[in-house]
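**Q** fold the following for me, if possible:
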Amino acid sequence: MNSELAGRLTDSGHELDVRVYFEDTDFSGVVYHARYLHFLERGRSDFLRLKGIGHRELLDGAFGEPMSFAVRRMEIEFLRPARVDDVLLVETRTRQIGGARVLLDQTISRSGETLIEANVKIAVISPAGKPMRMPKDVLAVLKPEFD
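**A** Now for the predicted structure:
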């Protein structure tokens with residue numbers, strides 16, 4: 001794995017640089033609102049990857065029972081638009097973690113200006129899609145630094 005492609009861990013969570021391509025925009029060169037979901041997902045996936053928790057390993061049961069994460073709820077505040085060729089910073093922070101869920105705060109910014117704020121509730125599920133408890137090893141890795 002080329003870790004440079006996965007962003008970087010920080011004291012508060014994870015940062016990922018993302019360039020806006022023409023395919024991310026509407027006819028006017030502004031990022032189409034649904035594309036922000038892709039950027040946020042990349043941030044969450046790479047956050048896990050750099051923490052040593054790959055999606056494939058979760059499904060294969062490397063941390064106990066096979067499991068995966070699924071977005072259960074998301075609130076997004078669209079504050080300012082991004083445009084083609086912008087370089088954006090996607091930040092991901094664990095706000096709270098429980099036995100069967102994770103609450104994340106994510107932002108997307110450009111040159112220090114916040115464009116998007118998102119609050120994400122992630123459920124822990126079995127391969128059959130049923131809720132389940134998070135394995136202790138995963139819980140320990142994802143626990144916020146400030147706890």
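
**Q** next, residue 36: phi, psi?
**A** Phi and psi for residue 36, reported as degrees, to the nearest 10, are phi -60, psi -30.

**Q** er, residue 57 actually
**A** Summarising the backbone geometry of residue 57 under the convention degrees, to the nearest 10, its torsions are phi -60, psi -40.

**Q** now swap in residue 84 and tell me
**A** Recorded main-chain torsions at residue 84 are phi -50, psi 140, according to degrees, to the nearest 10.

**Q** any idea how far it is from residue 144?
**A** When CB to CB, to the nearest Å is the yardstick, residue 84 and residue 144 sit 35 Å from each other. Every C-beta, even on glycine, is put in place using the N, C-alpha and C of the backbone.

**Q** report the buried residues of the lowest-mean-pLDDT helix or strand in the chain.
**A** Taking mean pLDDT, DSSP states H and E as the measure, helix 136-142 is the helix or strand of the chain with the lowest mean score, a mean of 87. When neighbours are counted by 16 or more other CB atoms under 10 Å, the buried residues of helix 136-142 are found to be 138-139, 142.
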